[in-house]
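**Student:** please find the sequence and the predicted model below.
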Amino acid sequence: MDKYDDTILVTGGSGFLGSHVVDALIAQGRFRVVAVSRNPTRYCNQEAQYMPCDITNHNEVAAIIEQIKPIAIIHTATPGPFAPEFLHRKDHAATKNLVQIATQFSSVRAFVYTGSAEAMKNVSGARGKPLSETEAILHTPSTAPSGYAHAKSASDALVLQANDVSLATATLRLPAVYGPRETKDSGIATNFMSLANTFATRIQLGNNEVVLDWVYVENAAHAHVLAVNTLLQPQRCADGEAYFVTDGAPVKLWDFVRSVWTASGDENCNSIKKVIIPWWVVLALAATIEVLFRIFTLDRKSPPLTRLHVRYVKDGAWFSIGKARECLGYEPLVSTSEGIERTVAWLKHA
């Protein structure tokens, strides 16, 4: 007989964040965990069950949910912010599909969605205090500056609107996520680490005045587990809400980057003379790269540098985790400095 009474379904369960969510659920020991992705072969936990699935395919998803009868879905599967726009459209369609199916099966009582800070249009790291959920304004189709921002804001709103008496929903809005199992294509620490001990450490894009929030991947996974546990409680005290989840202490961009370089063994990155390139030059360069990629890849690939992401680091981002602390019981498990050390140690042996 199965030692678990209930099942949780995790989408993207062998991906960067999703695999950590699976591990955190398994460590809790309460639920049977079923993870789905297109090709679930990486970072598989031997105590979880893995099933291949295209989550944009209604029939595939419905068949799996009918078979395993999960009481909750944690939807982490998403293309990264640098993915081509057509993938973001598919991502929103997949979220819409999942929500629709979740409302049709009575076994599903909770739905947790991995949202993004880039879904907000009033993000700033120059504020006098962190942005709260009550102050945050989601992008609309007319204000979203990218396919990623559009998909994440539309999906965020969709999930919260689906909350009702039979399905408790919540969105976790994450800033830049870093940590072990980062992908080499879009990993934050991975890309910074590759520049350690090179001439690139002499170059600084823009000033270093505003703060940015970050979230270590295990902190983000911990928040997902807390959210699903809270939504499944009879009191229904936290459903239909969005929550910012971060490391709890913002760090300026170049302080974060140089911490990665230092942990990577670059002893000179903080003392060498720096060439500071103004933000207006960086934005112009990003615009040029966007045009070239649009022409030569027919929009099938995203450029490594875009104006959206330049503006994000230029303007900064600072979020309050007070609501997550109060309603979900969230506290970061790992500080940013320790998270950087752990990430670099993992990358050195990856």
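**Tutor:** Perfect, I can see it now.
**Student:** make it CA atoms for all contacts and neighbour counts henceforth
**Tutor:** Noted.
**Student:** apart from its neighbours in sequence, what residue is nearest residue 243?
**Tutor:** residue 172 (4.9 Å; CA to CA, 6 or more residues apart in numbering).
**Student:** ah, wrong one, I meant residue 216
**Tutor:** Take residue 216 and drop its neighbours on the chain: the residue closest to it by CA to CA, 6+ apart is residue 178, 5.2 Å away.
**Student:** and if you look at residue 152?
**Tutor:** Leaving out its chain neighbours, the residue that sits closest to residue 152 by CA to CA, 6+ apart is residue 119, at 5.5 Å.
**Student:** how far away is the one you found from residue 240?
**Tutor:** Separation of residue 119 from residue 240 (CA to CA, to the nearest Å) stands at 17 Å.
**Student:** before we move on, back to that, the residue nearest to residue 216 and residue 172, how far apart?
**Tutor:** Here residue 178 is placed at a distance of 16 Å from residue 172 (CA to CA).
**Student:** quick one, what contacts the residue nearest to residue 131 when sequence neighbours are not counted?
**Tutor:** Nearest in space to residue 131, with sequence neighbours left out and distances taken as CA to CA, 6+ apart, is residue 319 at 4.6 Å. Residue 319 makes contact with 130-132, 213, 244, 246, according to CA atoms under 8 Å, 6 or more residues apart in numbering.
**Student:** list buried members of these by neighbour count.
**Tutor:** When neighbours are counted using 16 or more other CA atoms under 10 Å, the contacts of residue 319 contain these buried positions: 130-131, 213, 244, 246.
**Student:** just the ones in strands from those, please.
**Tutor:** The strands, defined by DSSP state E, take in residue 244 from the buried ones among the contacts of residue 319.
**Student:** now render the buried ones among the contacts of residue 319 as TSV, adding distance to residue 36.
**Tutor:** Below are those laid out as TSV (distance: CA to CA, whole Å):
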residue	distance to residue 36
130	35
131	34
213	29
244	25
246	26
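**Student:** would you confirm that the residue nearest to residue 216 contacts residue 189?
**Tutor:** Yes - if you go by CA atoms under 8 Å, residue 178 and residue 189 touch, sitting 6.3 Å apart.
**Student:** can you list contacts of the one helix or strand residue 204 maps to?
**Tutor:** Following DSSP states H and E, the helix or strand that holds residue 204 is strand 203-205. Taking CA under 8 Å, 6+ apart as the criterion, the residues outside strand 203-205 that touch it are 254, 274-279, 282.
**Student:** and which of those is nearest residue 21?
**Tutor:** Closest approach to residue 21 among these (CA to CA): residue 254, at 28.8 Å.
**Student:** doesn't residue 208 make contact with that closest one?
**Tutor:** Yes - under the contact definition of CA under 8 Å, residue 254 touches residue 208, with a separation of 6.2 Å.
**Student:** of these two, who's got more company?
**Tutor:** Remark: of residue 254 and residue 208, residue 254 carries more neighbours, 18 against 15, as counted by other CA atoms under 10 Å.
**Student:** and the more buried one, how far is that from residue 114?
**Tutor:** 26 Å.
**Student:** now residue 238, what's its secondary structure?
**Tutor:** Secondary structure of residue 238, reduced to three states by DSSP: H, G, I helix; E, B strand; the rest coil: coil.
**Student:** in stretch 187-206, what's buried?
**Tutor:** Buried residues in stretch 187-206, counting neighbours by 16+ other CA under 10 Å, are found at 187-193, 195-197, 201-202, 205-206.
**Student:** thought residue 252 was touching residue 209?
**Tutor:** Yes - contact between residue 252 and residue 209 holds when scored by CA under 8 Å: they sit 7.0 Å apart.
**Student:** could you export stretch 223-232 as PDB, CA atoms only?
**Tutor:** Once non-C-alpha atoms are left out, stretch 223-232 reads as follows in PDB (Å, rounded to 0.1, in the frame of the first residue of the first chain):
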ATOM      1  CA  ALA A 223       8.200  29.000  -0.500                       C
ATOM      2  CA  HIS A 224       6.400  26.800  -3.000                       C
ATOM      3  CA  VAL A 225       6.000  24.000  -0.500                       C
ATOM      4  CA  LEU A 226       4.800  26.500   2.200                       C
ATOM      5  CA  ALA A 227       2.300  27.900  -0.300                       C
ATOM      6  CA  VAL A 228       0.800  24.500  -1.300                       C
ATOM      7  CA  ASN A 229       0.600  23.500   2.400                       C
ATOM      8  CA  THR A 230      -1.200  26.700   3.300                       C
ATOM      9  CA  LEU A 231      -3.600  26.500   0.400                       C
ATOM     10  CA  LEU A 232      -4.600  23.000   1.500                       C
END
